[in-house]
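>>> Sequence and predicted model, in that order:
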Amino acid sequence: MSVKICKQCNQELPATEKYFYRKKDNRDGLTNLCRKCNIQRTQKYWKANLERKSDYDKQIYQENKRKRNQQHLRIQRDRNEILTNKIGISYDKLHRRMKQKVKKPKVCTICNEKRQLEICCIDHNYNQNPNSWIWLCLKCHRLFDKCRKKIPREKVIIKYEGC
C-alpha cells in the first residue's frame, strides 16, 4: 500500500480515500491535506469569513428554493393520487373529513401538552375509520410520522415515547 504525507501536519498516512479526499487534478487522485487538516482548514476559513458564509448560505437557499417547492408539490401530488385511487378521495379532503368526525381534545394525545393540534392517522393506512385517527401536537406528529410504525391505538393513547 502506498503512503502519502499530509502537507500540513506532516503525518504519514495510507494513500486512500479514508485518509485523503479525492482530487482528480493531482497525480495520485487525492488532496495534499489529510481529511482532519482539510476539515480544520475549512472551519478556520468559514469562521474568519462568517459574513461571506451567510451570504453564500442565502444564495444557495434561494437557488434551491424552486427545486424544493417542486419536490414538495410532486410529493403532495403523488400522495393525493395514491389516496384517490385507493379510497376515492384526496389526502386533504380525507383530513378535513376526519377533523370533523374525531373529537378534538385540549391536549396532545401523546405528550399531554397544550399545543396546536393536528389530526394524525395512526396506522398510516389512511382509512375513513375514526378509530384510526388521533390528535397530536406538531412535534409528536412529526416524530410519529418519522417512525412510520403501525402502533395499536391503545399503546398510542397510553404513552408513546418514540420509536
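Good, I have the coordinates.
>>> in the top helix by length along the chain, what counts as buried?
In the chain, ranked by residue count with DSSP state H as the criterion, the top helix is helix 50-87. Neighbour-count burial for helix 50-87 flags Asn80, Leu83 (criterion: 16 or more other Cβ atoms under 10 Å). Using the backbone N, CA and C atoms, a C-beta is placed for each residue, glycine as well.
>>> I'd like to know which elements that helix is packed against.
Secondary structure elements in contact with helix 50-87, counted by 3 or more Cβ pairs under 8 Å, 6 or more residues apart in numbering; DSSP states H and E, are helix 91-101.
>>> angle of whichever helix or strand comes after the helix it packs on against helix 91-101?
Once helix 91-101 ends, the next helix or strand along the chain (criterion: DSSP states H and E) is strand 117-121. Between strand 117-121 and helix 91-101, the angle comes out at 110 degrees (axes from the mean of the first three to the mean of the last three Cα atoms, to 10 degrees).
>>> so where's this protein shaky on pLDDT?
When residues are selected by pLDDT under 70, those of the chain lie in 148-163.
>>> did I read that right, Trp135 in a strand?
Yes: Trp135 forms part of a strand when assessed by DSSP: H, G, I helix; E, B strand; the rest coil.
>>> Pairing partners for it in the sheet, please.
In this structure, Trp135 has the following beta-bridge partners (DSSP bridges): Ile119.
>>> The longest helix of the chain versus helix 91-101: what angle between them?
With the same axes, to 10 degrees applied, the angle from helix 50-87 to helix 91-101 works out at 80 degrees.
>>> next one: helix 50-87 to chain centre, how far?
In terms of Cα atoms, centre = their mean, to the nearest Å, the gap separating the centre of helix 50-87 from the centre of its chain is 12 Å.
>>> Could you check how far Leu138 is from Lys44?
With the distance defined as Cβ to Cβ, to the nearest Å, Leu138 ends up 38 Å from Lys44.
>>> residues contacting Lys104?
Residues near Lys104 by Cβ atoms under 8 Å, 6 or more residues apart in numbering: Leu117, Trp135.
>>> What is the burial count for the closest residue to Leu117 other than its chain neighbours?
With Cβ to Cβ, 6 or more residues apart in numbering as the measure, Trp135 is the residue that lies nearest to Leu117, at 4.4 Å, once sequence neighbours are left out. A total of 21 residues lie near Trp135 under the criterion other Cβ atoms under 10 Å.
>>> Grab the most central residue of this protein for me.
For the chain, the residue whose C-alpha lies nearest the mean C-alpha position (Cα atoms, centre = their mean) is Lys146; its distance is 8.4 Å.
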